[in-house]
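[1] Can you look at this prediction? I've put the sequence above it.
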Amino acid sequence: MAPQRSIGTGTDAKSPEFAGRYRLEARLGSGGMGVVHLARSDSGLNLAVKVVHTEFARDPEFRRRFRQEVTAARRVSGAFTAPVVDADPDAERPWMATLYIPGPTLAEQVKRNGPLAPAMLRRLMAGLAEALRDIHRAGVVHRDLKPSNVLLADDGPKVIDFGISRPKDSELRTETGKLIGSPPYMAPEQFRRPREVGPAADIFALGSLMVHAATGKAPWDSDSPYLVAYQVVHDEADLSALPESLVPLVEACLSKDPEHRPTADELMSDLRGIAASYDTQAFIPAQRTARHPDGGSGSWSPVEDAGAEAGAGAGAHSGGTESSRTESPRTDSSSTDSSRTGNSSTGKGSSRDASRTDDSRTDDAEPPSVNTAHPTPRNRKAIVLSAIAAAVAACAVAGSLLWPGGEKNQTADGRPVGGERAAFEPWHEDLPGGSADALGATPLCSYAEGAVYCTQPGLPGAALDSLTGKLRWGPEAKNPSGPDATADAGSTPVLAPRLMGSLVYTLSEDGRTLLALDRDTGQERRATALSSYGDSGATGSSGSSASYGTSLRFASGTVVLGGADGTVTGIDPVTGKQRWRQPVAGQLAPALSLFGDSQSAGGEVVFVARQSRDGLSTRVTALDARSGDPRWEHPFAGVVRPIGVDAKGEAVLMRIGTDGRTDELVRYRSADRSEQRVRLRLPVDEATAAVHGDRAYLVASGGAVVAVDLAAGRQVWRTETAVSEGSAPVADAGQVYFSAPDGRLLALAADDGHPLGQTRARGALATDRVVARVPTPVLAGGQVYASAPDGSVFAVNKANPAVW
């Protein structure tokens with residue numbers, strides 16, 4: 001069977017056909033650290049094969065952790081885990097193959113069907129106690145037992161994902177000050193004494209997990225991870241929803257003192273009466289009828305089931321299907337997370353194929369995230385084949401799209417220009433002073449009036465002709481702040497240069513000086529220390545430009561500074577003098593974002609966001625960028641971040657949970673101070689976002705791209721691209737664009753999320769350094785401008801991504 005191929009990062013751009021000797025047939029899920037594929041052994045066993053992303057394969061510490069995961073999983077392979085069949089942690093891309101286990105995670109089951117019944121709770125606790133007894137007998141402490149790491153299989157619960165587990169005799173040690181685990185399910189000693197964590201921590205997690213199974217949420221629940229940690233250490237859990245017979249056992253599991261918690265053996269002794277009667281069929285919902293892509297009916301939808309509802313082996317859990325209020329993923333970002341996504345493609349053919357979910361449907365149609373059918377091994381082949389047929393058909397449809405010809409003769413503001421578009425040819429240019437050897441030195445660029453202005457470490461500014469890529473000017477690499485400044489050679493620019501009048505504004509490399517460069521020659525006309533505007537700028541002491549990432553923005557006619565004293569200042573770009581100053585009440589060092597322009601509804605607006613110290617609310621103030629006058633101020637529940645303005649100039653924000661996942665968007669109507677909330681079908685990890693008209697587009701760190709129709713108040717599609725840590729998106733009426741860490745520019749259709757094309761990779765993945773930040777592409781007229789980690793800038797015609 002042909003392997004699934006998808007848009008990925010580096011060598012992930014074309015998913016591997018094999019892991020060792022195992023042929024990869026379909027992708028079950030993708031996370032920030034790796035991808036889990038369906039495969040078959042020589043004897044026909046269905047396997048879940050976790051393959052690590054290329055960039056992490058180059059990290060020695062990550063390889064060591066993955067090797068530890070393989071060792072731990074092998075030590076505990078048995079009746080209560082997903083047995084390890086084979087692994088190669090030393091391969092170019094490390095992989096591990098475990099037995100494929102059909103069944104939902106506990107997180108999925110509770111989310112779809114609510115808390116478990118008393119009988120099922122007793123059976124669940126018995127099964128997990130038995131599993132922990134087996135794990136602890138092998139000398140392993142899991143340290144991350146949570147609902148998404150428990151699979152409800154036909155023969156009992158299975159504990160999966162040993163990515164941060166540690167054998168008792170392991171030489172690896174927890175780093176001082178670094179918490180590893182998922183806060184709502186961590187034991188008090190994991191916060192207080194992480195080096196001393198033992199089997200009792202897993203028992204505590206079992207108690208927390210039982211509360212979740214009985215109530216639908218963790219015993220300690222807050223939007224602030226710090227408050228969760230305080231609650232775990234000091235507060236008592238509410239056990240009123242548990243069956244009376246289980247309350248003493250769960251209460252003992254949740255003892256603050258690990259010495260007072262029962263062992264897994266002791267729990268089994270108390271639960272022995274029901275251990276043998278564990279019946280997981282009670283956990284498995286009945287299959288529901290869904291539509292095949294061709295319109296015919298079947299027992300399930302092949303494309304959906306291939307990823308969303310099929311079970312998986314170790315590490316292939318569905319972290320993305322549980323809301324941010326029920327579980328936080330582990331705080332150790334170096335551990336492999338191969339969460340299953342809501343839907344996955346198993347298409348054959350183009351390397352640009354990706355998994356896509358079209359969420360356009362009638363109100364009574366069932367969304368893919370609640371499909372509860374589970375394929376058995378004997379019919380999984382039919383599922384994959386059906387999904388291939390669906391993907392091929394989708395590619396055929398995409399190939400027949402007609403591109404509007406009207407855009408060919410427009411400038412950035414939509415005016416016809418006749419000759420300009422005809423003169424454009426795709427180009428690629430290395431910046432002077434920047435270097436292809438400056439690993440991770442991806443330029444940040446903007447477009448204005450026929451030129452592309454860029455900055456890069458060692459290069460405060462350069463100008464390229466937008467049609468030809470020819471260099472207009474570019475100073476030699478230097479520290480523009482003066483010979484006495486001590487710039488960090490590894491610092492990364494956080495703002496692209498901005499043309500305002502006859503001057504190009506940019507930051508010095510150390511981030512402390514605002515530079516004004518001549519638009520025609522690049523000569524420095526003015527250099528002003530940010531400190532001269534009062535207590536503006538960053539609060540950090542590192543001196544790197546990254547310190548100013550949220551406190552300075554370039555508006556079309558104003559330079560806006562957020563001060564560490566809680567004020568926002570507008571600077572006249574012509575004179576360099578203060579134009580306005582606006583004190584903002586609340587927490588210090590507000591985060592600034594800038595959206596709209598002089599031509600859009602509402603003009604250009606500065607949004608000032610201040611999160612409360614407890615993380616329970618965010619106060620957002622909207623200021624007129626030119627005058628500084630307040631337009632509105634509103635408190636939002638939880639942590640929110642402005643992402644843009646819609647066609648009517650209304651603010652659009654995304655809500656971010658304590659686990660870094662976005663689960664809903666908020667549109668704020670300032671006229672009546674009302675909030676319209678649009679829930680995502682599945683949360684997305686560490687998302688960036690953009691708004692175009694009445695559409696919002698989100699790109700998750702794990703590769704998912706989601707489109708939301710703000711006017712209709714619903715999600716319209718979701719595409720899984722497998723591009724880890726991509727850039728923020730940018731969109732027009734027809735397409736959505738974003739960049740990958742290896743320098744590729746990708747385009748998706750705005751109407752249905754179908755992949756349309758991508759450029760080639762540009763250099764960085766041949767090195768051993770991961771790009772820290774991927775700049776957002778720039779749209780101007782009929783071109784898309786992007787940059788790559790090899791230090792280059794390039795431009796393509798947006799009208800035909802298929803030939804990029």
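    Here it is on my side, so go on.

[2] rest of the way, CA atoms for contacts and neighbours
    Will do.

[3] Report pLDDT for the closest residue to Leu552 other than its chain neighbours.
    In space, not counting the residues next to it along the chain, Leu552 is nearest to Leu561; the distance is 4.5 Å by C-alpha to C-alpha, 6 or more residues apart in numbering. At Leu561, the pLDDT value in this model is 86.

[4] Leu561 and Ser532 touch, don't they?
    No - taking contacts as C-alpha atoms under 8 Å, Leu561 lies outside contact range of Ser532: 11.6 Å.

[5] So those two - more neighbours on which side?
    Using other C-alpha atoms under 10 Å, the more surrounded residue of Leu561 and Ser532 is Leu561, with 27 against 9.

[6] what packs against the host helix or strand of that one?
    When elements are assigned from DSSP states H and E, Leu561 belongs to strand 559-562. In this structure, strand 559-562 makes packing contacts with strand 552-554, strand 567-571, judged by 3 or more C-alpha pairs under 8 Å, 6 or more residues apart in numbering; DSSP states H and E.

[7] out of those, nearest to His234?
    strand 567-571 (36.8 Å; C-alpha to C-alpha).

[8] average model confidence for the closest one?
    If you average the per-residue pLDDT over strand 567-571, you get 89.

[9] Over to stretch 52-72?
    Confidence over stretch 52-72, taken as the mean pLDDT, stands at 83.

[10] Can you mark which positions in the top strand by length along the chain are buried?
    Among all segments of the chain classified by DSSP state E, the strand with the greatest residue count is strand 674-685. Within strand 674-685, the residues that qualify as buried by neighbour count (16 or more other C-alpha atoms under 10 Å) are 677-685.

[11] Make TSV out of those residues and add distance to Gln611 and pLDDT.
    Formatted as TSV, the entries for those read as follows, by distance: C-alpha to C-alpha, whole Å; pLDDT from 0 to 100:
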residue	distance to Gln611	pLDDT
Arg677	19	95
Val678	21	96
Arg679	22	94
Leu680	23	94
Arg681	26	89
Leu682	25	86
Pro683	21	87
Val684	21	88
Asp685	20	83
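
[12] Mind putting those into JSON lines with distance to Trp717?
    Formatted as JSON lines, the buried residues of strand 674-685 follow (distance: C-alpha to C-alpha, whole Å):
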{"residue": "Arg677", "distance to Trp717": "17"}
{"residue": "Val678", "distance to Trp717": "14"}
{"residue": "Arg679", "distance to Trp717": "13"}
{"residue": "Leu680", "distance to Trp717": "10"}
{"residue": "Arg681", "distance to Trp717": "10"}
{"residue": "Leu682", "distance to Trp717": "11"}
{"residue": "Pro683", "distance to Trp717": "13"}
{"residue": "Val684", "distance to Trp717": "13"}
{"residue": "Asp685", "distance to Trp717": "16"}
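
[13] From the residues you listed, pick the one nearest Ser612.
    Looking at the buried residues of strand 674-685 and their distance to Ser612, the nearest is Arg677, at 20.8 Å (C-alpha to C-alpha).

[14] Quick one: residues contacting the closest one.
    For Arg677, the residues meeting the contact criterion (C-alpha atoms under 8 Å, 6 or more residues apart in numbering) are 664-667, 713.

[15] mind running it again at 7 Å?
    Shown in contact with Arg677 (C-alpha atoms under 7 Å, 6 or more residues apart in numbering): 664-667.

[16] any idea where the helices of the chain begin and end?
    When secondary structure is read from DSSP state H, the chain shows helices at 54-57, 60-76, 106-113, 118-137, 188-192, 199-215, 225-234, 247-253, 264-275, 302-304, 377-399, 419-423.

[17] Return the most buried member of these.
    helix 302-304 (a mean of 28; mean count of other C-alpha atoms under 10 Å).

[18] coming back round to it: note down every partner strand of the longest strand of the chain and its orientation.
    The strands beside strand 674-685 in its sheet (DSSP bridges) come out as strand 661-669 (antiparallel).

[19] ok, residues contacting the strand it pairs with?
    Strand 661-669 is contacted from outside by 323-324, 650-656, 674-680, 682-687, using C-alpha under 7 Å, 6+ apart.

[20] any idea how far Cys445 is from Val774?
    According to C-alpha to C-alpha, to the nearest Å, Val774 stands 12 Å off from Cys445.

[21] Dump the contacts of Arg677 into a markdown table; add distance to Asp155 and pLDDT as well.
    As requested, those are arranged in a markdown table below (distance: C-alpha to C-alpha, whole Å; pLDDT from 0 to 100):
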| residue | distance to Asp155 | pLDDT |
| --- | --- | --- |
| Glu664 | 36 | 94 |
| Leu665 | 40 | 97 |
| Val666 | 43 | 97 |
| Arg667 | 46 | 96 |
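
[22] quick one: which of those is nearest Glu429?
    Within the set of these, Leu665 lies nearest Glu429; the separation is 38.1 Å, counting by C-alpha to C-alpha.

[23] so what's that closest one closest to, chain neighbours aside?
    Leaving aside its sequence neighbours, Leu665 sits nearest to Met654 (C-alpha to C-alpha, 6+ apart; 4.4 Å).

[24] How about Leu254: what's its closest non-neighbour residue?
    Counting by C-alpha to C-alpha, 6+ apart, the residue nearest Leu254 is Phe204, at 5.0 Å.

[25] Next one: the one you found from Pro184, what distance?
    Taking C-alpha to C-alpha as the measure, Phe204 and Pro184 are separated by 11 Å.

[26] Could you do Val574 as well?
    When C-alpha to C-alpha is applied, the distance between Val574 and Pro184 equals 52 Å.
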